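Trainee: Model the following, please.
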Amino acid sequence: IHDLVYKALISKGVKAKYTYVFDNHDPMDALPIYLPKEKFEKYLGMPLYKIPSPVSGFKSYAEYYAQEFTDVFRAIGCSPEILWASDLYLSGKMNNLIKECLDKAGIIRGIYEELYKKELPKDWFPFQVFCPNCGKQSTTRVFNWDGKKVEFVCEVDKVKWTKGCGFEDEISPFSSKERIVGKLPWKVEWPCKWKAIGITVEGAGKDHMSRGGSHDLASLVCKRVLNYHVPYPVGYEFFLVGGKKMSSSKGLGSSSSEMLEILPPELLRFLMVKTKINQAINF
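Mentor: Coordinates of the predicted model:
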């Protein structure tokens with residue numbers, strides 16, 4: 001869909017650039033059924049770019065699956081510039097945005113409360129440290145920010161599916177060329193990436209675009225915290241398999257590479273292009 005938007009703009013003589021971001025710094029929060037539990041369970045909660053590839057020849061778990069997906073969208077005629085979320089942090093492009101979000105944490109807490117009618121604790125801050133002790137991200141909680149450093153704890157029982165180590169410390173939240181310290185929660189990170197990259201158009205599935213969804217939250221962060229225009233939204237329906245939304249972790253559905261084995265590239269693209277974006281594709 002984004003490729004069609006891009007090609008339509010180019011055909012109208014509009015200067016446009018098409019980028020695609022792989023969120024390779026997100027945590028592994030579930031173990032897909034096709035990965036051996038005994039080998040990969042220990043990596044749960046860690047960022048994907050730090051997890052080894054299940055196949056040799058790739059730097060990380062993230063790179064392996066990203067390459068598989070890239071091969072498919074190149075095959076069906078999509079050629080965006082690939083960006084890695086980890087590079088946005090390593091380059092320093094996110095640092096000022098992180099500071100802005102931490103400085104205005106009260107405003108962001110207010111946005112969450114406004115949308116979800118649930119009061120957040122006064123010591124909630126929109127940042128997750130990659131624990132320097134155990135390497136996990138899903139288990140950490142930042143509870144203070146003094147303008148230069150965040151105080152955090154790696155909570156043992158924060159999530160049900162992996163254990164934290166109990167480590168507690170303070171650290172600067174700003175990443176450097178050498179390492180990523182942590183990341184913003186994705187609903188807050190989404191608008192920060194819009195500003196860091198310079199996005200003017202971006203779509204998402206209907207779950208994100210529905211009233212009170214993550215796009216509403218991201219849009220309010222854009223307006224009230226970042227002072228950035230909200231990109232033109234393009235909402236679209238789900239891709240279903242057997243009437244159900246796909247879930248890679250549960251093994252429900254087909255991977256893009258499997259789809260390409262079933263259908264020639266031109267037919268796979270045609271399946272997408274011929275379907276109205278507000279109509280689900282039930283494969």
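Trainee: Quick one: residues in contact with stretch 267-283.
Mentor: Outside stretch 267-283, the residues that touch it by Cβ atoms under 8 Å, 6 or more residues apart in numbering are 1, 4, 76-77, 203, 234-243, 254, 259-260, 263. Any C-beta I mention is one placed from the backbone N, CA and C, and that applies to glycine too.
Trainee: Count residues in the vicinity of the closest residue in space to Thr200 that isn't next to it in sequence, would you?
Mentor: Distances taken as Cβ to Cβ, 6 or more residues apart in numbering put Pro231 closest to Thr200, at 5.4 Å, once the chain neighbours are dropped. Using other Cβ atoms under 10 Å, Pro231 has 20 other residues around it.
Trainee: Now do the same contact list for Pro231.
Mentor: 194, 199-202.
Trainee: Same question for Cys101.
Mentor: By Cβ under 8 Å, 6+ apart, the contact set of Cys101 is 108, 126-127, 184, 188, 192, 221, 225.
Trainee: please redo it, this time with the cut-off set to 10 Å
Mentor: Cys101 sits next to 94, 107-108, 125-127, 145, 173, 184-185, 188-189, 191-192, 221, 225-226 when contact means Cβ atoms under 10 Å, 6 or more residues apart in numbering.
Trainee: Roughly how far does it sit from Phe40?
Mentor: Plainly put, Cys101 is 31 Å away from Phe40 if you go by Cβ to Cβ, to the nearest Å.
Trainee: go on, Leu102?
Mentor: 32 Å.
Trainee: out of these two, which sits in the more crowded spot?
Mentor: Applying other Cβ under 10 Å to Leu102 and Phe40 shows that Leu102 carries more neighbours, namely 19 against 16.
Trainee: Pull the distance from the one helix or strand that one maps to to the chain's centre.
Mentor: Taking DSSP states H and E as the definition, one finds Leu102 inside helix 95-103. From the chain centre to the centre of helix 95-103 is a distance of 18 Å (Cα atoms, centre = their mean, to the nearest Å).
Trainee: and what of stretch 102-116?
Mentor: For stretch 102-116 - counting by Cα atoms, centre = their mean - the centre lies 20 Å from the chain centre.
Trainee: now stretch 144-164
Mentor: Relative to its chain's centre, stretch 144-164 lies at 20 Å (Cα atoms, centre = their mean).
Trainee: Just the buried residues of the contacts of stretch 267-283.
Mentor: Taking 16 or more other Cβ atoms under 10 Å as the criterion, what is buried in these is 76, 203, 235-236, 239, 241, 259-260.
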